[in-house]
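Undergrad: All I have is the shape, not the residue letters:
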């Protein structure tokens, strides 16, 4: 048995869903558990029509989102005082530690996105902020 001093590339075929603390179900992709990554996680998310996450932040980790289809409105800021709508083809960046809460306002269309975070253990940095829920209506 020979061992290589070089890291190996890995092919991940996303198939295993998991429920995130934020209230959405994700399709696991690249993370410490699936690939041995040490600085990034990437997953697929589909927000159903009318879907809404719990208010949260990712402590110490950045998030990059590429919207594949549909659109989602995200409340963000200290008291979720800001709003931005990301649509199919848009890229959306959330700095580390910024409270946010995404909502799919459509009654009929899902929103699908590829999400990447600088946290290879993806859910470990999630901090729920229930005190902010009242600000996102």
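TA: Yep, that arrived. None of the values given here were measured: they were computed from a predicted structure.
Undergrad: A helix includes residue 132, no?
TA: Yes: the secondary structure assignment for residue 132 places it in a helix, going by DSSP: H, G, I helix; E, B strand; the rest coil.
Undergrad: what's near enough to touch the residue sitting nearest the centre point of the chain?
TA: Within the chain, the residue whose C-alpha comes closest to the C-alpha centroid is residue 115; the distance, by CA atoms, centre = their mean, is 4.8 Å. Taking CB atoms under 8 Å, 6 or more residues apart in numbering as the criterion, residue 115 is in contact with 26, 42-45, 63-65. Bear in mind the C-beta positions are built from the backbone N, C-alpha and C, glycine included.
Undergrad: As a markdown table, those residues with neighbour count would be great.
TA: A markdown table is the format used below for the contacts of residue 115 (neighbours: other CB atoms under 10 Å):
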| residue | neighbour count |
| --- | --- |
| 26 | 20 |
| 42 | 21 |
| 43 | 21 |
| 44 | 15 |
| 45 | 23 |
| 63 | 20 |
| 64 | 15 |
| 65 | 20 |
